[in-house]
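> Pasting a predicted model and its sequence here:
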Amino acid sequence: MSLITPTPTAKPSGKPPASRVRLDSLTGLRWYAALFVACFHFAYEEASSGTSLHVFRLKEIVYAGPSAVSFFFILSGFVLAWSARPRDTVTGFWRRRFARIYPSHLVTFCVAVVTMIWMGKALDLRIALANLTLTQSWIPDRKNWWFNYNGVSWSLSCEFLFYLSFPLVIKLVRRLSDRGLWATVVVGNLLVVLAPLYMKSVERAFDLDPKFLLYVFPPMRLVEFVIGIAVALLVKKGSWRGPGLTTGVALAVLAALGPTHLMPFDFHWAAVTVVPYTLTIAAAARADVRGEPSPFRNRINVYLGEVSFAFYLVHEIVIFSVDHFLDTHHLKIPLVLHLGLFLAVSFVGAVLVHEYVEKPGVKLLTRSRKKSRPITA
């Protein structure tokens, strides 16, 4: 069964089709989103241990760090819609997505187990199986299930739902006119912005943790994924109208540093930042299509973006490991040195996972397939 229905062939032009343009700016932006959430986790863990005032100041700066996951979910929908192959099959698509994320997830899960044993933490087989099968985010009100072992893998539980639903969703969204695509983007953003308000009645009715419904539960995060799909199709058709990359990034930074501190806590997961993140992703892709200048397209940023998935997977393990090492040896080091050590070890670990797990895993699990040019964003 074909994954998507081919669109009519466009008239020849001097430029390559938009779908063949490498979205290097989006790849580069991935690194900064991963770094944002990593610094949040670092500041959160250090602040909870009662360290210096400087840690609390850092925590205030990266307060909106969890919203970076929203950026990744929108970006995921965008990239998959952008790179969808007209003659692809559903099973072929699923196979590639499994190859892209699961080997790294499996290896970092094993590393997490080793570090937990080293730190003397108890292992729970049920939670381990939920983590391995990426079903932990479907279990209501169980933070010890969502964030255990390699805690950041809860987001992969959401991604698995996205991948399973993509063959159907892309067919439905591709049938929409430009007006329908714009309506999808606008309504999707409104749903995310207003979710902390209209979900309160559901929380009270079923006595659920707001974090489960608004942050962890995969079907709720599917909205951001669909937004990304609709935006990708608009940009690909040349129908997107929005601010440029500089304005989009500025709005995203201002939203993350400003309104998130003024709104109730439930809003900082995605509600405050979803609009500027949507605008930034569209602007970055459009800049690449048009060949406009972009600070995120240089070789260093692109490589950082390529290792960002591995960095995301290893960084929390490194936080706990470094903290345990320092505590065990009764070492106290300045915050800047501690942060630098954490980032350096995380980056080295990310490069190792990317080069020796992620890339070989993709080759091994997809080697029987005909090679094609990947979208690396």
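Received, thanks.

> Point out where this structure drops to low pLDDT.
Confidence mapping of the chain against pLDDT under 70 gives the ranges 1-19, 47-56, 368-377.

> longest helix anywhere in it?
Taking DSSP state H as the criterion, the chain has its longest helix at helix 90-118.

> can you give me how far it is from the chain middle?
Averaging C-alpha positions (Cα atoms, centre = their mean, to the nearest Å) puts helix 90-118 15 Å from its chain's average.

> now stretch 262-280
Averaging C-alpha positions (Cα atoms, centre = their mean) puts stretch 262-280 15 Å from its chain's average.

> end-to-end on that stretch?
Chord length of stretch 262-280, first to last residue, is 22 Å (Cα to Cα, to the nearest Å).

> Tell me the spacing between N298 and T27.
Using Cβ to Cβ, to the nearest Å, one gets 11 Å for the distance from N298 to T27. All C-beta spots, glycine's among them, are computed from the backbone N, C-alpha and C.

> more neighbours, these two?
Set side by side, N298 and T27 show more neighbours around T27, with 25 against 13, by other Cβ atoms under 10 Å.

> Spell out the secondary structure type for the more buried one.
For T27, the secondary-structure state derived from DSSP: H, G, I helix; E, B strand; the rest coil is helix.

> And the residue lying closest to it once chain neighbours are set aside, how close does it get to S346?
In space, and not counting its chain neighbours, T27 is closest to G305: 3.6 Å by Cβ to Cβ, 6 or more residues apart in numbering. Between G305 and S346 the distance is 15 Å, computed by Cβ to Cβ.

> give me the element L181 is part of.
Taking DSSP states H and E as the definition, L181 sits inside helix 178-198.

> do the same with F296
Assigning secondary structure by DSSP H and E places F296 outside every helix and strand.

> neighbours around the closest residue to it other than its chain neighbours, how many?
In this structure, F296 finds its nearest non-sequential neighbour in G28, 3.1 Å apart by Cβ to Cβ, 6+ apart. Summarising burial for G28: neighbours were counted as other Cβ under 10 Å, giving 25.

> what's near enough to touch G28?
With Cβ atoms under 8 Å, 6 or more residues apart in numbering as the criterion, the residues that contact G28 are 294-298, 301-302, 304-305.

> three-state assignment of the spatially most central residue of the chain?
A centroid search over the chain (Cα atoms, centre = their mean) returns F72, at 2.6 Å, as the residue closest to the centre. With three-state DSSP as the basis, F72 sits in helix.

> Equivalent analysis for F36, please.
Look at F36: counting by three-state DSSP, its state is helix.

> thought it was touching G65?
Yes: with contact defined as Cβ atoms under 8 Å, F36 counts as touching G65 (5.2 Å).
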